[in-house]
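Peer 1: task: produce atomic coordinates for the following.
(chains A, B, C and D)
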Protein chains: 2
Amino acid sequence: MTPDRRSPRLKDVAEAAGVHISTASRALNERTAALLNPATLERVRETADGLGYRVNGMARALKTRRSMSIGMVVPDITNPFFPPVVRGAEDVLDRAGYSLLLSSSDNDLGRARRQTAAMLEGQADGLLLAMARRDDPLVAELRAGGTPLVLVNRTIDRGGVSAVIPDDFHGALEAVEHLYALGHRRLAFVGGPLSTSNGARRRASFDETVQRLGLPEVAALEAVAFDEQAGYAAAQTLLAEHPRITGVVAGNDLIAVGIIVAAAERGRNCPRDISVVGFNDMLLAGRLQPPLTTIRIPQYDVGTRAAELLMALVADPARSPETVLISGELVVRGSTAPPPASD
Amino acid sequence: MTPDRRSPRLKDVAEAAGVHISTASRALNERTAALLNPATLERVRETADGLGYRVNGMARALKTRRSMSIGMVVPDITNPFFPPVVRGAEDVLDRAGYSLLLSSSDNDLGRARRQTAAMLEGQADGLLLAMARRDDPLVAELRAGGTPLVLVNRTIDRGGVSAVIPDDFHGALEAVEHLYALGHRRLAFVGGPLSTSNGARRRASFDETVQRLGLPEVAALEAVAFDEQAGYAAAQTLLAEHPRITGVVAGNDLIAVGIIVAAAERGRNCPRDISVVGFNDMLLAGRLQPPLTTIRIPQYDVGTRAAELLMALVADPARSPETVLISGELVVRGSTAPPPASD
DNA sequence: CCAACGGTTGCAAACGTTTGCAATGAAGCT
DNA sequence: AGCTTCATTGCAAACGTTTGCAACCGTTGG
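Peer 2: Predicted coordinates:
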């Protein structure tokens, strides 16, 4: 009954406008529109609007070999660190006309592999990878495949690939020095997994700094993940085995929260009995009980810089890899204080 | 020098395996693999692996008219409410073999329109919309366009479209009754924008419930957004104009935080002088100062249910619209207490 | 008046798949 | 032996664009 044609194709608008399909194509394409007679251009555009024409991105992508989409994989979008970086990336991609394909890998290599494969099948023009481990085989594969790639937040040990990461070394150093300045001398580090660059680098920085400061009694533990639960578990061990510790620098804010909770359960109040400094300054970190002293990483900027770098890489695949370090700054709030007087 | 062929096409694996391209296609497709002789099937698959063949999703999508991707637009991924729902959606889509295109609209209709248009040009098979306003013209357009659609978190007034939303009415009712049970009699509501379904419904529920309870002195304000800053601003007015209020139900947790901060600045401590109950139970709500009493909405489930509904809709576009209400439950923590004794 | 030219437009060949249909050959049945 | 049936594979036509090339036309300069 109804004509009920599916959505109009280029051919339809060409016919309706009385021009050849290639002319219609050129009219609807910014880059080629200049070739046309202004009058025809106008006419084609109007009939296209009238018909509610919408270009078929698949056909276009097939022909042009560009999907105008970028894939991004994070460990878990639910971790408060990532939304701002995703948002940053999204904003610059959006401005560049790209769409963002997002997925969470849960730190599962197999899952990440499937997800990136799907993204590449979908012809993503580039990848933003925020889940890399230091020896990640996946990024090696991907790099070999020639996909424009930028690592976010975490990088790999052997370089050769672009990355945008926080200045882990400087951050952890600031954290230690802050505690030292407050008078703490027995410090601990409860970091994230050493298999990640930020776990390892923050740890290395802690080690070096406490040694330089000549601190007598230190401990360093590795939480199994960058989350509250892992921080809580690691803190259990720490508090049991090193009861004299008064200051701890945490692998990130979530781990810090876990430590504070574990301490409270043992009757040790933060910051009265024990000080802890987080890392990242995640959303609401300043509204927690106690408000977290932490190393602020401009998360949004991490996202924008990474996306900008990727855009440059997409434009020029031969561009040589570079890694940009985003520096953080100490923001002191309520979770740190001088050590107990008895000390 | 190097043969340097671009990535292999179906034709390449077909030739390498000594079969026709159509046979190769069938071999690489789960659905059609059964048609083939097991021996050829095996052979084709092995040579495909050997060559590192990866199907061109664009070509496939062009032919099949399915991109196996779903678009999702949220107001702002940075709002802690959304990451869990995105994650929920992602998980079920992933299992169904779909990818997720994400974008943040910032409650800007124009931006949302551009984003959905881009998603549709990219041939997204369906849309998850979490940014709808009650009279949103965009969802009307989209629905007219025949795109499989499900609204998330917010719905429109005139039905006709599937949606997965929290049970706003019941939630707000529980919040009011909780305060009432604690002894509060002078209540206020600081809700989100009335242009959103959850802003309006929570407000309506508040109004009806306080009336039913016969409360003598109430106030109801509208924050301009569901964030801390808007909550803070609205609270300024509230505290100035209705100083005798002792209990307030907030439009969501972020607004609650804003209220608590504003109250503190006026020397009114929560919960000693004023009680506030939030909505959603966002991440870390229980770790705030004070820990938030709130209506817990299972955010992850909202995402999964929405994605499931959308998958059903994609499979059968004629399926009639349905709206599923996700119910919340009161979780009482530290931000509510009996009103001051002087009361 | 002719040739060259620039501005517009049309032509047709891709891009890499999927899939209805036809062809082939082997096996089963009467 | 001849006919049917079935399993397997090949053929070729799409899917909706983009784009190098050629053609056309009215101008312009010599």
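
Peer 1: make it CA atoms for all contacts and neighbour counts henceforth
Peer 2: Will do.

Peer 1: how about the helix or strand where residue A:14 lies, does it reach DNA strand D?
Peer 2: Following DSSP states H and E, one finds residue A:14 within helix A:10-17. Yes. Between helix A:10-17 and DNA strand D, judged by CA under 7 Å from any atom of the strand, the touching residues are A:10-11.

Peer 1: and what of stretch A:20-31?
Peer 2: Yes. Judged by CA under 7 Å from any atom of the strand, stretch A:20-31 comes into contact with DNA strand D through A:21-23, A:25-26, A:28-29.

Peer 1: give me the lowest-pLDDT entry from those.
Peer 2: Among the residues of stretch A:20-31 next to DNA strand D, residue A:29 carries the weakest pLDDT, at 92.

Peer 1: check the gap between that one and chain B for me.
Peer 2: 14 Å (CA to the nearest CA, to the nearest Å).

Peer 1: how close does the nearest residue in space to residue A:65 that is not next to it in sequence sit to residue B:182?
Peer 2: Leaving aside its chain neighbours, residue A:65 sits nearest to residue A:123 (7.8 Å; criterion: CA to CA, 6 or more residues apart in numbering or on different chains). Separation of residue A:123 from residue B:182 (CA to CA, to the nearest Å): 58 Å.

Peer 1: more neighbours: which of those two?
Peer 2: Legend: neighbour count by other CA atoms under 10 Å in any protein chain shown for residue A:123 and residue B:182, higher for residue A:123 (23 against 14).

Peer 1: list the contacts for that one?
Peer 2: A:65-67, A:69, B:56-58 (CA atoms under 8 Å, 6 or more residues apart in numbering or on different chains).

Peer 1: got the residues you listed as JSON lines, with distance to DNA strand C, secondary structure and pLDDT columns?
Peer 2: Below are the contacts of residue A:123 laid out as JSON lines (distance: CA to the nearest atom of the strand, whole Å; DSSP: H, G, I helix; E, B strand; the rest coil; pLDDT from 0 to 100):
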{"residue": "A:65", "distance to DNA strand C": "7", "secondary structure": "coil", "pLDDT": "94"}
{"residue": "A:66", "distance to DNA strand C": "11", "secondary structure": "coil", "pLDDT": "94"}
{"residue": "A:67", "distance to DNA strand C": "12", "secondary structure": "coil", "pLDDT": "95"}
{"residue": "A:69", "distance to DNA strand C": "17", "secondary structure": "strand", "pLDDT": "97"}
{"residue": "B:56", "distance to DNA strand C": "4", "secondary structure": "coil", "pLDDT": "96"}
{"residue": "B:57", "distance to DNA strand C": "7", "secondary structure": "helix", "pLDDT": "95"}
{"residue": "B:58", "distance to DNA strand C": "7", "secondary structure": "helix", "pLDDT": "96"}
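
Peer 1: and which of those is nearest to residue B:169?
Peer 2: Closest to residue B:169 out of the contacts of residue A:123 is residue A:69 (39.6 Å), distances taken as CA to CA.

Peer 1: hey, C-alpha coordinates of the helix or strand just after the helix holding residue A:14 in PDB?
Peer 2: For helix A:10-17, the succeeding helix or strand toward the C-terminus, using DSSP H and E, is helix A:21-27. Below are the C-alpha coordinates for helix A:21-27, written out as PDB (Å, rounded to 0.1, in the frame of the first residue of the first chain):
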ATOM      1  CA  ILE A  21      24.300  10.200  -8.400                       C
ATOM      2  CA  SER A  22      28.000  11.300  -8.300                       C
ATOM      3  CA  THR A  23      26.900  14.900  -8.300                       C
ATOM      4  CA  ALA A  24      24.700  14.200  -5.400                       C
ATOM      5  CA  SER A  25      27.600  12.600  -3.600                       C
ATOM      6  CA  ARG A  26      29.800  15.600  -4.100                       C
ATOM      7  CA  ALA A  27      27.100  17.900  -3.000                       C
END
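
Peer 1: got the CA coordinates for the lowest-mean-pLDDT helix or strand in chain A in PDB?
Peer 2: Across the helices and strands of chain A, mean pLDDT, DSSP states H and E gives its lowest value to helix A:30-33, namely a mean of 90. This file holds the C-alpha atoms of helix A:30-33, laid out as PDB (Å, rounded to 0.1, in the frame of the first residue of the first chain):
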ATOM      1  CA  GLU A  30      32.000  19.000   2.500                       C
ATOM      2  CA  ARG A  31      35.300  18.300   0.800                       C
ATOM      3  CA  THR A  32      33.900  18.100  -2.700                       C
ATOM      4  CA  ALA A  33      31.000  20.500  -2.500                       C
END
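
Peer 1: which other helices and strands contact that helix?
Peer 2: helix A:21-27 (3 or more CA pairs under 8 Å, 6 or more residues apart in numbering or on different chains; DSSP states H and E).

Peer 1: return the distance of the helix it packs on from the chain's centre.
Peer 2: Mean C-alpha position of helix A:21-27 versus that of the full chain (CA atoms, centre = their mean, to the nearest Å) differs by 40 Å.
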